[in-house]
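J.: Model the following, please.
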Amino acid sequence: MKNKFLIIATLLFGVTSCDNPIESQTIVGDCTDLSGSCFYYVKENIIVTNSEKTKGFTFSPSVDMKDGKLICDGITAELVNLGVCCENNTLILLLEDGSKITLKSWNKFNCKGHAFFNLSAYEIKLLREHKIIKAQIQNGRTFDSFQNLINLKNQDYFFRFFQELDANKYVVKK
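T.: Below is the predicted model:
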């Protein structure tokens with residue numbers, strides 16, 4: 001029941017499934033911390049689910065500020081109903097030209113379904129140049145996995161994201 005609530009809550013709070021296209025990615029700088037530091041994130045995720053929306057995952061680029069410029073340094077994902085706890089996860093992105101990006105999570109064991117992946121300069125180049133047509137994630141602890149096609153209108157999500165990133169375009173939340 002808790003996991004179904006998470007999926008429903010995720011769908012209600014501004015993200016999209018494979019069936020609903022993302023029009024733009026809003027990069028948010030959350031500067032509400034009293035220390036004066038900001039946390040940057042992308043407001044809209046890509047959600048990959050089964051037709052019942054009871055199993056799947058979300059993913060989006062991770063963003064940071066370096067020398068006054070926004071950078072993409074990886075991908076964050078959240079697994080839903082793919083095992084209770086996870087670690088050593090694998091994310092595979094199939095691109096339109098047939099190439100694949102295979103990423104291994106670097107974060108430690110957790111029971112929140114969070115997975116964090118680094119991107120190399122070459123992988124960022126591929127995401128800038130090619131649409132993502134299919135995504136798969138595997139929980140490295142339970143080996144549960146899920147894959148699905150990405151909606152045609154969402155396949156260029158990373159193209160649009162990098163346009164906003166390159167323009168250093170973001171909204172500050174205070």
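J.: Surely Ala115 touches Thr90?
T.: No - using Cβ atoms under 8 Å, Ala115 makes no contact with Thr90, being 9.0 Å away. Where C-beta positions appear, they are placed from N, C-alpha and C, glycine not excepted.
J.: Which one's more surrounded, these two?
T.: Between Ala115 and Thr90, counted using other Cβ atoms under 10 Å, the more crowded position is Ala115 (29 against 17).
J.: Against Gly140, how distant is that one?
T.: The gap separating Ala115 from Gly140 is 9 Å, by Cβ to Cβ, to the nearest Å.
J.: Name the residues contacting each of these two.
T.: Residues touching both Ala115 and Gly140 (Cβ atoms under 8 Å, 6 or more residues apart in numbering) are 86, 89, 105.
J.: export those residues to CSV and tack on distance to Tyr170 and neighbour count?
T.: Formatted as CSV, these follow (distance: Cβ to Cβ, whole Å; neighbours: other Cβ atoms under 10 Å):
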residue, distance to Tyr170, neighbour count
Cys86, 29, 26
Asn89, 28, 26
Ser105, 25, 25
